[in-house]
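Novice: what's the 3D shape of this:
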Amino acid sequence: MKTKKILLNFVTDVVPLIIISILGIYKMKLFIKVLGDETLGLYQLFSQVMVYVALVDGGLSNAVLFSLYKPNAEHDKKKFNALLAGSFKSFSFIGIIVFALSLLCSFFVPLLIKDCSFDYWYIILTFLLFSLSSVIGYFFVPYNCLLEVKEKKYIYNLTSQVGQIVLSACEIIMLLCDVKFEIILLMHSIVKLLSYLAEVYICKKEYPDINLLQEERDFSFKSHIKSLIFHKINGLVGSNIDVLIISSFMGLKSVAIYSTYNYIINMLKNILGKIESSMTAIVGNSLVNAKNKLYDLYEEFDSMLFFIAIVICVPLTLAINDFITIWYEGEIATSFLIAISFTSLLFGFIIKMDTTLFVSAGGLYKETKICALTDTIVNLVLSLILINYFGIAGVIIATTISVFIAEYIFKTIVIHKNIFKVSALSYFIKNIKFFILYVVDLMGSYYIISLININNIFIWFLVFVIFTLINAMIIFYIFYLFKEINFIKRFKLISKGKIKNKK
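Specialist: Below is the predicted model of the structure:
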């Protein structure tokens, strides 16, 4: 059953991720206490720099994934194997190049930090150790693509997420034992390598006829890279320019503040993003085999995403500052402007997931190049302007505006034109009521929560669990009045086992 595969992929991805996220919140607190907020800022800076180094792959994994859908649907094993073998050679070469670039970039990383308190050579050493754990993954990307196209991403989910749980647990133990930062980074590479090897072992047992080392290789997927490179750059600027700007303009302590908020937001983005990733292969294969019900699915998905966005983002806006203040014992400065900026960004991320999914599954990379370019320019220009007026919040506001314009508006228009062959105007008009509902709910909730004194983690938990549940029921009833709950019917059919595969 296709829909049940979505749920299996989603559950095996989300449950371990929730465990990882909970461990991560505790780990960040330990990180700040044991290694200091500047080391946390340094760690986050490394992450952003490595994403820029990864530009060298040009979005190749998406190109490979898109190229595999057709031969998989047509059961063309020869073409399928040749594409995987070609991708393995390409990614192995890219892995070597990325490490060489990391070595080169390591000498410039210290220059990105304002008022740096770390030794120059210490930064170089720790950056190279960090980059090693990132480089390892390139040699195993073809196995990830294989599992996703075969709609067995849950296998990758399990091996990857179990590895992440082990990694987080080891990191917590090492922090409690006051182990040095560089040793912790070395441990990352060892754990990641072991989890990837487990994935390879399972793939070879599941698909013994797949040979990534065969002589016959197909590199036709590279034709998509010219369009994908725009999206790669967009992803870099849209998601990773913030830390570089904050580090350069404000220093590592401000990066630590940003990272504390961003960790919570990214935790939710990662969990919710699994809805999209679990459905990518399903939509991709449906675009090849059955298009007649795609728009119905798209509209259901849209209503569901707005419901999720409102139910999550309104309570989060009001809860996040109290949590940070209580949990980190006042060591991290908070601001309501930063809080609402981050949660607005999360809201935008959630509601545009359907556009991202259909662009990826439909291979609309060339058609959405202008979207990526717009996102990059708007985000970069506004970030450099607004940071001078609003600090950290200014950078987040810039990112939110660029995501809304390029990802939500422009890409929606492209999808309606190229996949559904209809105007997007009615879609946007229908969604206006959701935006109004979000603003009204936030204003009313802010007034209610401001009347409550929250001074410990138990009261915080009790207040926001009760508030979130009551608010969710009210929002659900309003959606019912709007007649926007068809996605509930789909879940009922899934639970009764009435949705079957279309052959």
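
Novice: residue ranges of the strands in the stretch 201-350 of the chain, please?
Specialist: Assigned by DSSP state E, counting those that start in this stretch, the strands in the stretch 201-350 of the chain number zero.

Novice: which stretches of it have low pLDDT?
Specialist: 223-240, 275-292 (pLDDT under 70).

Novice: same deal with the chain?
Specialist: Using pLDDT under 70, the chain drops low at 1-13, 52, 54-59, 151, 223-240, 275-292, 490-503.

Novice: nearest residue to Phe487 other than its sequence neighbours?
Specialist: Nearest non-adjacent residue to Phe487, counting by CB to CB, 6 or more residues apart in numbering: Met304, 3.9 Å away. Just so you know, the C-beta spots here come from the backbone N, C-alpha and C atoms, and that holds for glycine as well.

Novice: Wait, the one you found touches Phe476, no?
Specialist: No - the criterion here is CB atoms under 8 Å, and Met304 misses it with Phe476 at 11.5 Å.

Novice: more crowded one of the two?
Specialist: The neighbour count for Met304 versus Phe476, taken as other CB atoms under 10 Å, is higher for Met304 (22 against 14).

Novice: any idea how far the more buried one is from Ala424?
Specialist: For Met304, the distance to Ala424 equals 19 Å [CB to CB, to the nearest Å].

Novice: out of everything not next to it in sequence, what's closest to Leu125?
Specialist: Glu182 (6.3 Å).

Novice: Ile326 now?
Specialist: Ile457 (5.2 Å).

Novice: Pull the number of nearby residues for that neighbour.
Specialist: The burial count for Ile457: 12, using other CB under 10 Å.

Novice: residue contacts, it?
Specialist: Phe323, Ile326, Trp327 (CB atoms under 8 Å, 6 or more residues apart in numbering).

Novice: Including distance to Ser402, could those go into CSV?
Specialist: Shown next, in CSV, are the contacts of Ile457 (distance: CB to CB, whole Å):
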residue, distance to Ser402
Phe323, 27
Ile326, 33
Trp327, 30
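
Novice: just the residues you listed now: which is nearest Phe358?
Specialist: Nearest to Phe358 out of the contacts of Ile457 is Phe323 (CB to CB; 34.5 Å).

Novice: Hmm, that closest one is touching Val463, no?
Specialist: No - the criterion here is CB under 8 Å, and Phe323 misses it with Val463 at 11.1 Å.

Novice: what about the residue nearest to Asn262 when sequence neighbours are not counted, neighbour count?
Specialist: Leaving aside its chain neighbours, Asn262 sits nearest to Phe342 (7.1 Å; criterion: CB to CB, 6+ apart). Phe342 is flanked by 26 other residues according to other CB under 10 Å.

Novice: Surely Phe342 and Ile265 touch.
Specialist: Yes - between Phe342 and Ile265 there is a contact under CB under 8 Å: 5.0 Å.

Novice: Tell me how far Met304 lies from Asp354.
Specialist: For Met304, the distance to Asp354 - CB to CB - is 9 Å.

Novice: Over to Tyr389?
Specialist: For Tyr389 relative to Asp354 (CB to CB), the value is 33 Å.

Novice: residue boundaries of the helices in the stretch 401-503 of the chain?
Specialist: Assigned by DSSP state H, counting those that start in this stretch, the helices in the stretch 401-503 of the chain fall at 411-415, 425-449, 457-482, 486-495.

Novice: do the stretch 101-250 of the chain as well
Specialist: Assigned by DSSP H, counting those that start in this stretch, the stretch 101-250 of the chain shows helices spanning 120-135, 141-149, 153-176, 181-206, 225-250.

Novice: and the fourth one, which residues are buried?
Specialist: Going back to what we said before, that points to helix 181-206. Within helix 181-206, the residues that count as buried by 16 or more other CB atoms under 10 Å are 181, 184-185, 187-189, 191-193, 195-196, 198-199, 202-203.

Novice: ok, now the third one?
Specialist: Buried residues in helix 153-176, counting neighbours by 16+ other CB under 10 Å, are found at 153-161, 163-165, 167-168, 170-172, 174-175.

Novice: one step back: cross-reference the contacts of Ile457 with the helices and report the matches.
Specialist: Phe323, Ile326, Trp327 (DSSP state H).

Novice: Turn the residues you listed into a markdown table, columns for distance to Ile25 and neighbour count.
Specialist: Compiled in a markdown table, the ones in helices among the contacts of Ile457 are given as follows (distance: CB to CB, whole Å; neighbours: other CB atoms under 10 Å):
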| residue | distance to Ile25 | neighbour count |
| --- | --- | --- |
| Phe323 | 9 | 19 |
| Ile326 | 12 | 17 |
| Trp327 | 7 | 18 |
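
Novice: From Ile452, how far off is Lys430?
Specialist: When distance is defined by CB to CB, Lys430 is 35 Å away from Ile452.

Novice: picking that back up, which one of Tyr389 and Asp354 has more residues nearby?
Specialist: Asp354 (27 against 9).

Novice: distance between the ends of stretch 206-222?
Specialist: 27 Å (CA to CA, to the nearest Å).

Novice: For Ile32, give me its contacts.
Specialist: By CB under 8 Å, 6+ apart, the contact set of Ile32 is Leu40, Ala256, Tyr328, Glu331, Ile332.

Novice: Give me the ChimeraX select line for those residues, limited to the buried ones.
Specialist: The buried subset of the contacts of Ile32, as determined by 16+ other CB under 10 Å, is captured in ChimeraX by this line:
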select :40,256,328,332
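
Novice: quick one on the thing from earlier: the residue nearest to Leu125 touches Leu129, doesn't it?
Specialist: Yes - applying CB under 8 Å, one finds Glu182 in contact with Leu129, separated by 5.7 Å.

Novice: Report the contact partners of Tyr26.
Specialist: Ile172.

Novice: Chain neighbours aside, what residue packs nearest to the spatially most central residue of the chain?
Specialist: Centroid-nearest residue in the chain, with CA atoms, centre = their mean: Asn270, separated by 4.8 Å. Distance criterion CB to CB, 6+ apart; nearest residue to Asn270, sequence neighbours excluded, is Leu17 at 5.9 Å.

Novice: thought the one you found was touching Lys274?
Specialist: Yes - Leu17 lies in contact with Lys274 (CB under 8 Å); the separation is 6.9 Å.

Novice: neighbours around Gly444, how many?
Specialist: Gly444, neighbours per other CB under 10 Å, totals 13.

Novice: Pull the residues that contact stretch 434-452.
Specialist: Contacts of stretch 434-452 with the rest of the structure, by CB under 8 Å, 6+ apart, involve 306, 309-310, 313-315, 317-318, 347, 351, 463, 467, 471, 474-475, 478.

Novice: could you redo the last one with a cut-off of 10 Å?
Specialist: 302-303, 305-307, 309-311, 313-315, 317-319, 322, 336, 340, 343-344, 347, 351, 459-460, 463-464, 467-468, 470-471, 474-475, 478-479, 482, 484 (CB atoms under 10 Å, 6 or more residues apart in numbering).

Novice: Can you say which of the residues you listed are buried?
Specialist: Judged by 16+ other CB under 10 Å, buried ones among the contacts of stretch 434-452: 302-303, 305-307, 309-311, 313-315, 317-319, 322, 340, 343-344, 347, 351, 460, 463-464, 467-468, 471, 475, 478-479, 484.

Novice: All set, thanks.
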